[in-house]
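Enquirer: Below is the sequence, then the predicted model.
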Number of protein chains: 2
Amino acid sequence: MRIALDAMGGELGPEEMVAGAIQAVGESDLDVALIGDEIILNSVIQKLSPVSPRLQVIHASQSVSMDESPFEAIRKKKDSSIARAFEQVKKGEAHAVVSAGNSGATMASAIRSLGRLQNISRPGIASIFPTLKKPLVMMDVGANVDCRPQHLYQFGVMGAAFSDNLFKIKKPSIGLLSIGEEGGKGNVLVKSAHELFRKSSLNFIGNVEGRDIFQGNVDVIVCDGFVGNVCLKVSEGLAEAIITMLRTEISKSFMAKMGYLLARKAFNNFGKKVDYAEYGGAPLLGVNGTGIVCHGRSNAKAIKNAIKVAAEMIRSKVNDHIVQLLSESKNDIPSEEQGDTEIIGPGEVA
Amino acid sequence: MRIALDAMGGELGPEEMVAGAIQAVGESDLDVALIGDEIILNSVIQKLSPVSPRLQVIHASQSVSMDESPFEAIRKKKDSSIARAFEQVKKGEAHAVVSAGNSGATMASAIRSLGRLQNISRPGIASIFPTLKKPLVMMDVGANVDCRPQHLYQFGVMGAAFSDNLFKIKKPSIGLLSIGEEGGKGNVLVKSAHELFRKSSLNFIGNVEGRDIFQGNVDVIVCDGFVGNVCLKVSEGLAEAIITMLRTEISKSFMAKMGYLLARKAFNNFGKKVDYAEYGGAPLLGVNGTGIVCHGRSNAKAIKNAIKVAAEMIRSKVNDHIVQLLSESKNDIPSEEQGDTEIIGPGEVA
């Protein structure tokens, strides 16, 4: 199996991308195609590792920056690393794409090259949150900012298929993110989506609230991409702020510093639990193919893990499961023309 | 000055409410009217403190529970503690209301008894977030789940007036919560609101993201009540989860436990920084009067602080400032009938 890596994406530069690819190749039987400027990439490879036949470089002369408009980027930069990566999948020369670059452009390229899965109106981005118990799948976290109820319903189906195939959770429980547990609580969008889920054959447990995200009592949480992206960034910002505040307090006294040294292993274990690098990245779901967008600040380990998750998504046939689950769980959802998809990705999502 | 306290609200029971009132009376020159079942309240007062002439009990035979529908509650329970509290203000016998009860019912009672401020279409609930630098005012956090752009604009005006009067910040900076910093990023609502702010004379700094909330670089963050309530609860849930995870890790080894003991003061200082009780509660803004909703789990200290904040809101004339700032900052916002207000409060907001 061969994974195409957008080696020009990410804030840490091609060295980190290549290092992640080398680790993935070393720990698995996967091939990785590094897509980007061949002069840069070959020199990084030579610096980091002996030449491996399972690591190939495919040239792309352009790259998309983090703050570029996804639409302009895919229209104007035909030879960008992200466009070339999906082209590899389209031509059957790679099985999946991993990118730590502009997530909107990644989603737009995926849809343009590979299209959508059958009966999916809006592909979206799922994110895996660490919780007190087991990993949680949240969808959408940034691709679709203005949604209709049936889009939320489809996010639930896609999230459930992913949760089942990747985390081996049978009939994953699905919660709808709202501001109160009763079905009547929420905005107009959420109230209508609640009805669709309630009538379906999915394992819908009703509304959940923001504070339920980290408890680990639900497998999949559904929300629109605006709310999901805000949640993701609030969580990231708060976790960083809490660590900064604790560090500041600890640095104020000698006793506290000694205490920190003694408890350091506990802090490190805690750090691992909330480290996004452990999960690799956020899968694009609903696309007729496989793609993973990684955090812009992804290090080699995150890239390695994302490459492995991409392979696992293909092996476990997540997409077949999505199509099947959507047809099984179907209720009287008004059918919708597929022509209205509009992906508005933020600069960075995971 | 006299503050009416809904002494039947809150999850910890009337003892905690009365204790908070006693502390407030002890530390200030305020009077507190305790509204609720007079038999219960008088017995609690006798148990906790010598009788003070600055602490009065006003009987109300009913109380509203946390999960009751706000509309049914205000329609059916004419003699509830929260309704009687606002009646005190309406009759000029108290200056403000503090409640740790059902926030939706509190908001609905406030609007029903006191009405709205001039030109405010939707009163809302502001919340004060601790950050790495200074307190942040976020509005709305749960009263209005489906908003129009001009509602968000008014939330900005109200938040700025509060931030100026309570935290003495001149021309507070206002950010609009979105999923990217550029004006073109966000959902339809946020994009339109961005234009209104941009054209106004307010100190609008543009879009901010979820991770900016805790940095303390902006004074007021504006969002609709659905997104704001989700942010509040995600933050609360994550902070609790992080503390649980750290405790679990620390309890696993003797060394780590010793370390924790040495660093305990640092942990306690940190705890104070993120303790909502320090800020007392969340002010209702846009109502023609003064009210504060407190966290359902408010302890005596939180109630005491909320009573003091309510008094400070009256002394510093926040409402006059809101009306003045709204008329000064006015741009070509389409005027709107005041008749469409509909408050949908969640069970608990702060």
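Expert: Nice, I can see it.

Enquirer: where does the stretch 151-300 of chain A dip in pLDDT?
Expert: A:273-277 (pLDDT under 70).

Enquirer: so A:Ile242 touches B:Met245, yeah?
Expert: No: A:Ile242 lies out of contact with B:Met245 (C-beta atoms under 8 Å); the separation is 11.0 Å. Quick note: C-beta positions are derived from backbone N, CA and C, even for glycine.

Enquirer: helix or strand for the closest residue to A:Ser113 other than its chain neighbours, which one?
Expert: The shortest distance from A:Ser113 to any non-neighbouring residue, by C-beta to C-beta, 6 or more residues apart in numbering or on different chains, is to A:Phe86 (3.8 Å). Per DSSP states H and E, A:Phe86 falls inside helix A:81-90.

Enquirer: what sits up against the helix or strand following that helix?
Expert: The helix or strand immediately downstream of helix A:81-90 is strand A:96-99, counting by DSSP H and E. With contact meaning C-beta atoms under 8 Å, 6 or more residues apart in numbering or on different chains, strand A:96-99 is reached by A:3-6, A:9, A:82, A:85-86, A:88-89, A:106, A:110, A:281, A:289-294, A:303, A:306-307, A:310-311, A:313-314.

Enquirer: If we use 7 Å, what do you get?
Expert: A:3-6, A:9, A:82, A:85-86, A:89, A:106, A:281, A:290-294, A:303, A:306-307, A:310, A:313-314 (C-beta atoms under 7 Å, 6 or more residues apart in numbering or on different chains).

Enquirer: What of stretch A:237-251?
Expert: A:256-257, A:260, A:274, B:132, B:210-214, B:235, B:238-239, B:242, B:263, B:266, B:269-270, B:273.

Enquirer: next one: stretch A:161-172
Expert: Residues outside stretch A:161-172 that contact it (C-beta under 7 Å, 6+ apart): A:126, A:134-135, A:137, A:160, A:203, A:219-220, A:283, A:285, A:312-313, A:316, A:318, A:321-322, A:325.

Enquirer: What of stretch A:190-208?
Expert: A:149-150, A:152-153, A:156-157, A:160, A:171-178, A:180-186, A:218, A:221, A:328-329, A:331, A:333.

Enquirer: Mind checking which of the residues you listed are in helices?
Expert: With helices taken from DSSP state H, the overlap with the contacts of stretch A:190-208 comprises A:149-150, A:152-153, A:156-157, A:160, A:328.

Enquirer: the helices in the stretch 101-250 of chain A, which residues?
Expert: Counting by DSSP state H, counting those that start in this stretch, the segments of the stretch 101-250 of chain A that form helices are A:103-114, A:149-167, A:188-199, A:225-251.

Enquirer: Single out the most deeply packed of those helices.
Expert: By mean neighbour count, with neighbours taken as mean count of other C-beta atoms under 10 Å in any protein chain shown, helix A:103-114 ranks first of the helices of the stretch 101-250 of chain A at a mean of 27.

Enquirer: tell me the mean pLDDT for that helix?
Expert: Helix A:103-114 shows a mean pLDDT of 94.

Enquirer: I'd like to know which elements that helix is packed against.
Expert: In terms of contacts (3 or more C-beta pairs under 7 Å, 6 or more residues apart in numbering or on different chains; DSSP states H and E), helix A:103-114 is packed against helix A:70-76, helix A:81-90, strand A:291-293.

Enquirer: Which positions in the stretch 251-350 of chain A make contact with chain B?
Expert: For the stretch 251-350 of chain A, the residues in contact with chain B (C-beta under 7 Å from any C-beta of the partner chain) are A:252-253, A:255-256, A:258-263, A:265-266, A:269-270, A:273, A:346-347.

Enquirer: oh, I was asking about the stretch 51-200 of chain A
Expert: Contacts of the stretch 51-200 of chain A with chain B, taken as C-beta under 7 Å from any C-beta, map to A:132, A:142, A:145-146, A:177, A:179-180, A:185-188.

Enquirer: Out of these, which sit inside strands?
Expert: Among those, the members found in strands (DSSP state E) are A:Leu177.

Enquirer: Can I get the buried part of the residues of the stretch 51-200 of chain A next to chain B as one ChimeraX selection?
Expert: Entered in ChimeraX, the line below selects the buried ones among these, by 16 or more other C-beta atoms under 10 Å in any protein chain shown:
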select /A:132,142,145,146,177,179,180,185,186,187
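
Enquirer: which residues touch the residue in the stretch 1-150 of chain A that chain B sits nearest to?
Expert: Relative to chain B, the nearest point of the stretch 1-150 of chain A is A:Val145 (4.2 Å; C-beta to the nearest C-beta). When contacts are counted by C-beta under 7 Å, 6+ apart, A:Val145 touches A:224-226, A:344, B:179, B:186-187.

Enquirer: change it to 8 Å
Expert: A:Val145 neighbours (C-beta under 8 Å, 6+ apart): A:224-226, A:229, A:344, B:179, B:186-187.

Enquirer: So what does the residue nearest the centre of chain A have for phi and psi?
Expert: By C-alpha atoms, centre = their mean, chain A has its centre lying nearest to A:Ala282, at 0.9 Å. The phi/psi pair for A:Ala282 (degrees, to the nearest 10) reads phi -110, psi 120.

Enquirer: Tell me the spacing between it and A:Ala310.
Expert: In this structure, A:Ala282 and A:Ala310 are 11 Å apart, going by C-beta to C-beta, to the nearest Å.

Enquirer: who touches both of the two?
Expert: Common neighbours of A:Ala282 and A:Ala310 (C-beta under 8 Å, 6+ apart) are A:Ile292.

Enquirer: Report whether stretch A:6-23 contacts chain B.
Expert: No: on the criterion C-beta under 8 Å from any C-beta of the partner chain, stretch A:6-23 is out of touch with chain B, staying 14.6 Å away.

Enquirer: Tell me the buried residues in that stretch?
Expert: Buried residues in stretch A:6-23, defined by neighbour count with 16+ other C-beta under 10 Å: A:6-10, A:12, A:14-23.

Enquirer: Now do the end-to-end distance for stretch A:252-269.
Expert: Separation of the first and last residues of stretch A:252-269 by C-alpha to C-alpha, to the nearest Å is 23 Å.

Enquirer: still on that earlier bit, tell me the most buried of the helices and strands packed on helix A:103-114?
Expert: strand A:291-293 (a mean of 32).

Enquirer: who does that strand pair up with?
Expert: Strand pairing for strand A:291-293, determined by DSSP bridges: strand A:96-99 (parallel), strand A:282-285 (antiparallel).

Enquirer: Any buried residues in the first one, and which?
Expert: Applying a neighbour-count criterion of 16+ other C-beta under 10 Å, one finds A:96-99 buried in strand A:96-99.

Enquirer: could you redo those residues as TSV and give each row pLDDT?
Expert: Shown next, in TSV, are the buried residues of strand A:96-99 (pLDDT from 0 to 100):
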residue	pLDDT
A:Ala96	98
A:Val97	98
A:Val98	98
A:Ser99	97
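
Enquirer: Name the nearest of the residues you listed relative to A:Val32.
Expert: A:Val98 (8.6 Å; C-beta to C-beta).

Enquirer: Is that closest one bridged to anything, and to what?
Expert: Taking DSSP bridges as the rule, A:Val98 bridges to A:Leu5, A:Ile292.

Enquirer: Can you get me a residue count around A:Pro53?
Expert: Using other C-beta atoms under 10 Å in any protein chain shown as the criterion, A:Pro53 is surrounded by 7 other residues.

Enquirer: That one belongs to a helix, doesn't it?
Expert: No: under the criterion used here (DSSP: H, G, I helix; E, B strand; the rest coil), A:Pro53 is coil, not part of a helix.

Enquirer: and A:Arg211, how far is that from B:Cys223?
Expert: Taking C-beta to C-beta as the measure, A:Arg211 falls 18 Å from B:Cys223.

Enquirer: Compare the two (neighbour count), which wins?
Expert: Between A:Arg211 and B:Cys223, B:Cys223 has the larger neighbour count (other C-beta under 10 Å), namely 28 against 18.
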